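S.K.: What follows is a predicted protein model with its sequence.
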Amino acid sequence: MSDFFDATVLARAQFAFTVAFHIVFPSFTIGLASYLVVLEGLWLAKKQDVYLRLYKYWSKIFALSFGMGVVSGIVMSYQFGTNWGPFSDMTGPVLGPLLGYEVLTAFFLEAGFLGVMLFGMNRVGPKLHFFSTLMVGVGTLFSAFWILSANSWMQTPQGFAIENGQFVPVDWWLIVFNPSFPYRLVHMVLAAYLTTAFVVAAVGAYHLLKDKQNKAAQIMFSMAMWMALLVAPLQLVAGDLHGLNTLEHQPAKVAAMEGHWETRRGAPLVLFGLPDMAAEVTHFEVAIPKLGSLILTHEWDGEVQGLKDWPPEDRPNAAIVFWSFRIMVGLGLLMILVGGLSLFMRWRGRLYDQPWFLRLALVMGPSGFVAVLAGWFTTEVGRQPYLVYGLLRTSDGVSPIDALAVGTSLAAFAVVYFVVFGAGIYYLLRLMRQPPRADEPGPQGDAPLRAAGIASVPPPRPAE
Amino acid sequence: MFDLALIWGLLIALAVLIYVILDGFDLGIGILFPLIKGEQNRDVMMNSVAPVWDGNETWLVLGGGGLFAVFPLAYSVILTSLYAPLIAMLLALIFRGVAFEFRFKDARHKPLWDLAFAGGSILATFCQGVVLGAFIQGIEVQDRAYAGGWFDWLTPFSLFTGFALVVGYALLGAGWLVMKTEGPLQARVYDLMTGLAAGLVFCIGIVSLWTPLLNAEIAGRWFSWPGLLYLSPVPILVLVSALGLYRAIRQRREVLPFVLSLGLFVLSYAGLGLSLYPNIVPPDVTLWQAAAPDKTLGFMLVGAAILLPLILGYTSYAYWVFRGKVRPGDGYH
Ligand code: HDD
Ligand code: HEM
Ligand code: HEM
């Protein structure tokens, strides 16, 4: 830790800080965009007012979160060049187009239709409006597709050659669909859906605790609980498959996740412990014999590699990876439990009026965000000390900027993010604290909703 | 075969121009905020761009992301060398971006978010102008890496281009507001516009004289025969547009002032392009030296050829949906 203030460490801290703030918003907006599509679709199909009310309620929250996602995202796309210049020069020919396609297929789509979605209900017919909501939802998924492809390529690179120190593309199909990409895409999209489901559930639970008759709150709570019931177990399966894929391509990361130092057959499953990088042991281990091998190799006596197989300078930070992985999995298991309980409550007819269960759902509100961040820390810290796994070391990718410049900008980001996004999150909570009302104002304000009757397409404002 | 690097050079230049025009007027609205009083007026000003600002800013992301993909060397060197003004720009964009939402969510702190919107817009614009100036001055490159100092970007010239861009975006914003508003607000904007137009023309003149002084090669291009002949339409058209703009404002035309302000921007931009071509990192890294391999350029070009027309299509549609005047009470609360 002697070089704590060196420019590389600071650049990493800055990247980790800004991306961690950014990912919080997509995790929520991806899920919420899809949820809004469903709500508006239900309104158009069933013509029940309550769905429109829910749509308007959540679209205000969406607008606020989306705005914060956009501004924090723009920072990310410039940071590769400012802080990671050599990395950008070397990987640009491969990674650049993936981000380029993200802009062309996703960002423009989201931004182009967002205005119509939020402000256009009075100006276009309901079908076109629904189409706009749909395009925003699809845009967020396209965005996830490309950015996760880029990230996965850095984890499991293939389809490239190295010429004059640059990674150059050889086969685009292999690059985009690199080995860890399908797993990461599925896992992340499910994570976004779960994150949203638990936020929606918490808001529903909060209002049910005050008024169990609130129809809108009942609907959102029930929808969110179906989501948790169905998706949380799927996430366990997806995560398990993802882990097996990681074992194949990045065994050092898995060794760190599991807290294994020695390579052995019949390895235990370490539940808790304190991995110690210097002493090369995991202290205070609580472990179940043989289960580690069973999970990772699906054999009682399968061989599992330990971190000592790699020289110390090639190992990721085991303490962080070990713990962030446990936080994520622990929360995943809790989510499964909540989903299961909801089925039981439903069967007993107590879904909307069992206070302890509603309080549990309320407490679980932020769990998705925590799990997402923990998951990303597992993935990214576990990739260290490389930027492009096995090929480009983090320390070789950083811009030749002095520590003072990076330190100053890091401090500026910290202050601005806490102030601005702090205020934003406060406003979000304030919106959520209000119950959905019968005359729910839409994002376009208190002006009477002329498009409220499904059939009437309002005359567009005359152009002058 | 196609010269893919050249095509991409033109496309990136086009993306940046579209960005400058679109985000120019919407940053301009923020720059004009301190000059126009009254909560209702400011609501109208903000609502005139609220549905489109995100799309406008996406062109900035395309400029950056596109550069990363097709000219990674330029992306790496330019962004590293302009570290401070770029980071400041990003932070400023955060303030003005969130203000669109926060301002209407918190009546008590509206003045605060007004300040964030105006301050963010002014600072972001100023930084973009500084970046432009520093770029024209030239960036020192050795062994594919930035080789200059940390404050090379900070010169009287770059500070002046920063100032010039603030004036320019304010003019675009004013042109937009004249189109989108009516009544006293519009009258106020007309009043401001004459001064802004004169200011911009003055700035264009200064930058045009200053640039050749910085760089002998550019001077040679403009002040030699027959270069002067080929390039002379640019300054002549600038003058014609400026006069037209003055008359259009006097006659209280509604659309023409905006169009002619855009004209001034396009002409200045073209003049700049003609000065710098074929360098993508002045003074000496060319398009071809910075370009990614053809395999990358081709892959991106297929997508761009299909997607850009689509994007322009639905973006125009969004503008069309929100056509016409913005009135108090419209839009967002
Ligand atoms: C799994 C999804 C995901 C991930 C891993 C990332 N993003 Fe993101 N990003 C989105 C999903 C997303 C989104 C859903 O499309 C956003 C989120 C906020 C928003 O609300 O749109 C967005 C917005 C967004 C924007 C603004 C787009 C606009 O102008 O409309 C940029 C420039 C980026 N992102 C760039 C990045 C970069 C460089 C990342 C990696 C380091 C990154 N994002 C990670
Ligand atoms: C949203 C998804 C992402 C998240 C949440 C994320 C998270 C992180 C975290 C937590 C770190 C710090 C790791 C450490 O310092 O030990 C990091 C580092 C980094 N990531 Fe990612 N990352 C994401 C996507 C990407 C993508 C798509 C790229 C590139 C195309 C990328 C490139 C980098 C780089 C260059 C670093 C800095 C070097 C480093 O510290 O590892 N990341 N990321
Ligand atoms: C329930 C059991 C779960 C298991 C077994 C599991 C497994 C994994 C594994 C092995 C990784 C690392 C992959 C790699 O770096 O190569 C990972 C990453 C991640 N996890 Fe989980 N996970 C679970 C639950 C969750 C939950 C509930 C969430 C969020 C709601 C979540 C979100 C993430 C995210 C965002 C990442 C980083 C992106 C990625 O690499 O996919 N996980 N998970």
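M.R.: Yep, that arrived. Ligands and ions are numbered 1, 2, ... in the order given.
S.K.: which element is the residue in the stretch 101-250 of chain B positioned nearest to ligand 1 on?
M.R.: Per CB to the nearest ligand atom, B:Glu101 is where the stretch 101-250 of chain B lies closest to ligand 1, at 11.7 Å. Where you see a C-beta, it was placed from the backbone N, CA and C, and this is true even at glycine. Following DSSP states H and E, the helix or strand that holds B:Glu101 is helix B:83-105.
S.K.: So is that helix next to chain A?
M.R.: Yes - using CB under 8 Å from any CB of the partner chain, helix B:83-105 reaches chain A at B:83-84, B:86-87, B:90-91, B:93-95, B:97-98, B:100-102, B:105.
S.K.: Make a PyMOL selection of the buried ones in those.
M.R.: Per 16 or more other CB atoms under 10 Å in any protein chain shown, the buried members of the residues of helix B:83-105 next to chain A correspond to this PyMOL selection:
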select buried, chain B and resi 83+84+86+87+90+91+93+94+95+97+98+100+101+102+105
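S.K.: any idea which of the residues of helix B:83-105 next to chain A is closest to ligand 1?
M.R.: For the residues of helix B:83-105 next to chain A, the nearest to ligand 1 is B:Gly97 (9.2 Å; CB to the nearest ligand atom).
S.K.: Give me the below-cutoff pLDDT ranges for the stretch 201-333 of chain B.
M.R.: Where the stretch 201-333 of chain B drops to pLDDT under 70, the residues are B:329-333.
S.K.: how about a cut-off of 80?
M.R.: B:215-217, B:220-231, B:282-284, B:324, B:327-333 (pLDDT under 80).
S.K.: need the helices for the stretch 351-464 of chain A, in chain order.
M.R.: Along the stretch 351-464 of chain A, the segments classed as helices by DSSP state H, counting those that start in this stretch run A:355-363, A:367-383, A:394-397, A:403-433.
S.K.: next one: chain B
M.R.: Ranges of helices in chain B, per DSSP state H, are B:4-32, B:39-47, B:53-70, B:72-81, B:83-105, B:110-137, B:156-180, B:183-214, B:216-222, B:227-231, B:233-250, B:256-276, B:287-290, B:294-321.
S.K.: Please name the residues that touch the closest residue to B:Gly199 other than its chain neighbours.
M.R.: The shortest distance from B:Gly199 to any non-neighbouring residue, by CB to CB, 6 or more residues apart in numbering or on different chains, is to B:Val167 (4.5 Å). By CB atoms under 8 Å, 6 or more residues apart in numbering or on different chains, the residues touching B:Val167 are B:Leu196, B:Gly199, B:Leu200, B:Cys203.
S.K.: pLDDT score for the second one?
M.R.: Read it as B:Gly199. pLDDT for B:Gly199: 91.
S.K.: What of the first one?
M.R.: Confidence per residue is given as pLDDT, and for B:Leu196 that number is 92.
S.K.: Count the residues that sit near it.
M.R.: Around B:Leu196 there are 26 other residues, counting by other CB atoms under 10 Å in any protein chain shown.
S.K.: I'd guessed it sits against B:Leu172; true?
M.R.: No - contact criterion CB atoms under 8 Å: B:Leu196 and B:Leu172 do not qualify, at 9.2 Å.
S.K.: in the one helix or strand A:Tyr55 maps to, what's buried?
M.R.: Using DSSP H and E, A:Tyr55 falls within helix A:49-83. Buried positions in helix A:49-83, judged by neighbour count with 16+ other CB under 10 Å: A:50-83.
S.K.: Out of the helices of the stretch 351-464 of chain A, which gets the lowest mean score?
M.R.: When these are compared on mean pLDDT, helix A:394-397 scores lowest, with a mean of 84.
S.K.: Do that one and ligand 1 come into contact?
M.R.: No - interface with ligand 1: helix A:394-397 contributes nothing (CB under 6 Å from any ligand atom), its closest point being 13.8 Å away.
S.K.: ok, back up a step: ok and the helix or strand just after the helix holding A:Tyr55 relative to helix B:53-70, angle-wise?
M.R.: Next helix or strand after helix A:49-83 toward the C-terminus (DSSP H and E): helix A:85-102. Using axes from the mean of the first three to the mean of the last three CA atoms, to 10 degrees, the direction of helix A:85-102 lies 130 degrees away from that of helix B:53-70.
S.K.: got the angle between helix A:85-102 and helix B:294-321?
M.R.: Between the axis of helix A:85-102 and that of helix B:294-321 there is an angle of 50 degrees, by the same axes, to 10 degrees.
S.K.: Mind giving me the packing neighbours of the next helix or strand after helix A:85-102?
M.R.: Moving toward the C-terminus from helix A:85-102, the next helix or strand (DSSP H and E) is helix A:108-119. If contacts are counted by 3 or more CB pairs under 8 Å, 6 or more residues apart in numbering or on different chains; DSSP states H and E, helix A:108-119 sits against helix A:49-83, helix A:126-155, helix B:53-70, helix B:294-321.
S.K.: Contacts for helix A:108-119, please.
M.R.: For helix A:108-119, the external contacting residues (CB under 8 Å, 6+ apart) are A:59, A:63, A:66, A:70, A:123-124, A:128-129, A:131-133, A:135-136, A:138-140, A:142-143, A:443-444, B:50-52, B:54-55, B:57-58, B:62, B:307, B:311, B:314-315, B:317-318, B:321-322, B:331-332.
S.K.: circling back to that earlier point, centre of the chain to the helix holding B:Glu101, how far?
M.R.: Centre-to-centre, helix B:83-105 and its host chain are 16 Å apart (CA atoms, centre = their mean, to the nearest Å).
S.K.: next one: stretch B:10-29
M.R.: That offset, for stretch B:10-29, works out to 5 Å (CA atoms, centre = their mean).
S.K.: And it, what's buried?
M.R.: Burial within stretch B:10-29, assessed by neighbour count using 16+ other CB under 10 Å, is assigned to B:11-13, B:15-29.
S.K.: try stretch B:314-329
M.R.: For stretch B:314-329, by 16+ other CB under 10 Å, it's B:Tyr314, B:Thr315, B:Ala318, B:Val321, B:Phe322, B:Gly324, B:Lys325, B:Val326.
S.K.: could those residues be laid out in TSV, adding distance to chain A?
M.R.: TSV is the format used below for the buried residues of stretch B:314-329 (distance: CB to the nearest CB, whole Å):
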residue	distance to chain A
B:Tyr314	5
B:Thr315	5
B:Ala318	5
B:Val321	5
B:Phe322	7
B:Gly324	5
B:Lys325	6
B:Val326	10
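S.K.: Now distance to ligand 3 too, for those residues, in JSON lines please.
M.R.: As requested, the buried residues of stretch B:314-329 are exported to JSON lines (distance: CB to the nearest ligand atom, whole Å):
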{"residue": "B:Tyr314", "distance to ligand 3": "31"}
{"residue": "B:Thr315", "distance to ligand 3": "32"}
{"residue": "B:Ala318", "distance to ligand 3": "32"}
{"residue": "B:Val321", "distance to ligand 3": "36"}
{"residue": "B:Phe322", "distance to ligand 3": "36"}
{"residue": "B:Gly324", "distance to ligand 3": "44"}
{"residue": "B:Lys325", "distance to ligand 3": "46"}
{"residue": "B:Val326", "distance to ligand 3": "41"}
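S.K.: can you tell me which of those residues lies nearest to A:Phe107?
M.R.: B:Thr315 (11.8 Å; CB to CB).
S.K.: Can you give me the end-to-end span of stretch A:265-273?
M.R.: Terminal residues of stretch A:265-273 are spaced 20 Å apart (CA to CA, to the nearest Å).
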